[in-house]
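J.: Sequence below, structure please.
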Amino acid sequence: MMTTLNVILHDKTIYTQEQTFGGNALSEEVHRRFGLSAVEAETTMKRSGLP
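T.: Predicted structure coming up:
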């Protein structure tokens, strides 16, 4: 999973950074917190079905 940070000042991008982070850690947290199976957690995240 990748996150992109864009800092915009007066309608111009002044800084951009891409950061990969532990997609597995996020999936495991969603799995644990919402009581979903690992497959359900992945599917739910992809469909933006989390509260």
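J.: Go ahead and confirm Gln17 touches Met2.
T.: No. Taking contacts as Cβ atoms under 8 Å, Gln17 lies outside contact range of Met2: 10.7 Å. C-beta: built from backbone N, CA, C; applies to glycine.
J.: Need the overlap of contacts for the two.
T.: When contacts are counted by Cβ atoms under 8 Å, 6 or more residues apart in numbering, Gln17 and Met2 have no shared neighbour.
J.: Show residues contacting the worst-scoring helix or strand of the chain on mean pLDDT.
T.: Within the chain, no helix or strand scores below helix 23-34, which has a mean of 85 by mean pLDDT, DSSP states H and E. By Cβ under 8 Å, 6+ apart, the residues outside helix 23-34 that reach it are Met1, Leu36, Ser37, Ala38, Glu40, Ala41, Glu42, Thr44, Met45, Leu50.
J.: Could you turn the buried ones of the residues you listed into a ChimeraX selection?
T.: Applying 16 or more other Cβ atoms under 10 Å to these, the buried members can be selected in ChimeraX as follows:
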select :36,41,42,44,45
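J.: In helices, which of the contacts of helix 23-34 fall?
T.: Ala38, Glu40, Ala41, Glu42, Thr44, Met45 (DSSP state H).
J.: quick revisit: the least confident helix or strand of the chain versus helix 38-46: what angle between them?
T.: Here helix 23-34 runs at 100 degrees with respect to helix 38-46, directions being taken by axes from the mean of the first three to the mean of the last three Cα atoms, to 10 degrees.
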